[in-house]
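Asker: attaching a predicted model along with its sequence, questions to come.
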Amino acid sequence: MASTPASDPTNTARRDGNQDDSPSPPPAAPVPLTPGPRASRLQQVFSQALLHTIRTNSYANFSSCFPTPAKHVPRSLESVWRQLNAKLEESAKAEFDDILHERGVVRGLNELDRLVGEAKHRRENGEGANSVPAHTLTAKELYQAHLTPILAKAQSSLDSQTEEVQRKNIQLASKVESQKQEIQQLLASLEAVVGDIEGAVESMREFDADDVLRKEAEQMDEEIRPSRPS
């Protein structure tokens, strides 16, 4: 019977050397869902824009559109103003969160942060574009290498959607301002009518201090009432 040949140390070293030359890359870390730098910056910009919009609708501007309620029931008017701003802020945040969730914005921007960080690290260490053999990359890493333009397109789309939301907010604010002006004109007309009525009553009182005309009118009404058809 032929004996089994002993293992050759040279062959073993050669195999070990080949494994060192082309090591299997470790699996990529999962993308965190906690907002990274770009996602946090996006949320910060949105919060600043929303805060600026709400501050524009200050109580001074709001109450100037409703002078009569502001004079007689300021607390009620201030309560309405606070509720309006709170509702506007709540609706805007809810719609923004829905967009982030539906588009997977946080995950995409975090992945973009990771790719940019890896690129900077390779550049700082003097690694060229072909420093990593392509055959050592996993399918996931190859997929992620082509992901940057897709993420850039997604970010561009998100920017366009954000601009569209801002444009609609501006149109909505303009519509609200127009309605406020109409309400203000209506209140002014109502105040003028009330003033005319008060002036007529005052003139009647000056002309008929003893209410003679009123008494005569009441007497005539009493006389005519029985003759009216039932």
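Answerer: Great, that's in hand.
Asker: I'd like the next helix or strand past the least confident helix or strand in the chain by mean pLDDT.
Answerer: Ranked by mean pLDDT, DSSP states H and E, the helix or strand of the chain with the weakest confidence is helix 9-21, at a mean of 44. Sequence-wise, the next helix or strand downstream of helix 9-21 (DSSP states H and E) is helix 37-56.
Asker: show me what that next one packs onto, helices and strands only.
Answerer: The contact analysis (3 or more CB pairs under 8 Å, 6 or more residues apart in numbering; DSSP states H and E) places helix 37-56 against helix 74-103, helix 105-124, helix 147-207. C-betas here are computed from N, CA, C, even on glycine.
Asker: what's in contact with it?
Answerer: With contact meaning CB atoms under 8 Å, 6 or more residues apart in numbering, helix 37-56 is reached by 35, 85, 88-89, 92-93, 96, 105-106, 109-110, 112-113, 158, 162, 166, 169, 173.
Asker: please save the CA atoms from the next helix or strand after it in PDB.
Answerer: Next helix or strand after helix 37-56 toward the C-terminus (DSSP H and E): helix 59-64. C-alpha atoms of helix 59-64 as PDB (Å, rounded to 0.1, in the frame of the first residue of the first chain):
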ATOM      1  CA  TYR A  59     -49.400  88.000  16.700                       C
ATOM      2  CA  ALA A  60     -48.800  91.600  15.800                       C
ATOM      3  CA  ASN A  61     -49.300  90.800  12.100                       C
ATOM      4  CA  PHE A  62     -52.300  88.500  12.800                       C
ATOM      5  CA  SER A  63     -54.000  90.900  15.200                       C
ATOM      6  CA  SER A  64     -53.600  93.900  12.800                       C
END
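Asker: rewinding a little: please pick the buried ones from the contacts of helix 37-56.
Answerer: When the contacts of helix 37-56 are checked for burial by 16 or more other CB atoms under 10 Å, the buried set is 35, 85, 88, 92, 96, 105-106, 109-110, 112-113, 158, 162.
Asker: not counting its neighbours along the chain, what's nearest the spatially most central residue of the chain?
Answerer: For the chain, the residue nearest the mean C-alpha position is A92 (3.7 Å; CA atoms, centre = their mean). Once flanking residues are discounted, A92 sits nearest to L50: 5.3 Å by CB to CB, 6 or more residues apart in numbering.
Asker: around the one you found, count how many other residues there are.
Answerer: Residues lying near L50 (other CB atoms under 10 Å) number 16.
Asker: quick check: it vs N169, distance?
Answerer: Separation of L50 from N169 (CB to CB, to the nearest Å) stands at 9 Å.
Asker: where does this protein have low pLDDT?
Answerer: Residue ranges of the chain with pLDDT under 70: 1-32, 126-135, 205-214, 226-230.
Asker: and with 50 instead?
Answerer: Applying pLDDT under 50 to the chain picks out residues 1-22.
Asker: the helix or strand where A217 lies - contacts with which helices or strands?
Answerer: Secondary structure here is read from DSSP H and E; on that basis A217 sits in helix 212-224. Other helices and strands packing on helix 212-224, by 3+ CB pairs under 8 Å, 6+ apart, are absent; none qualifies.
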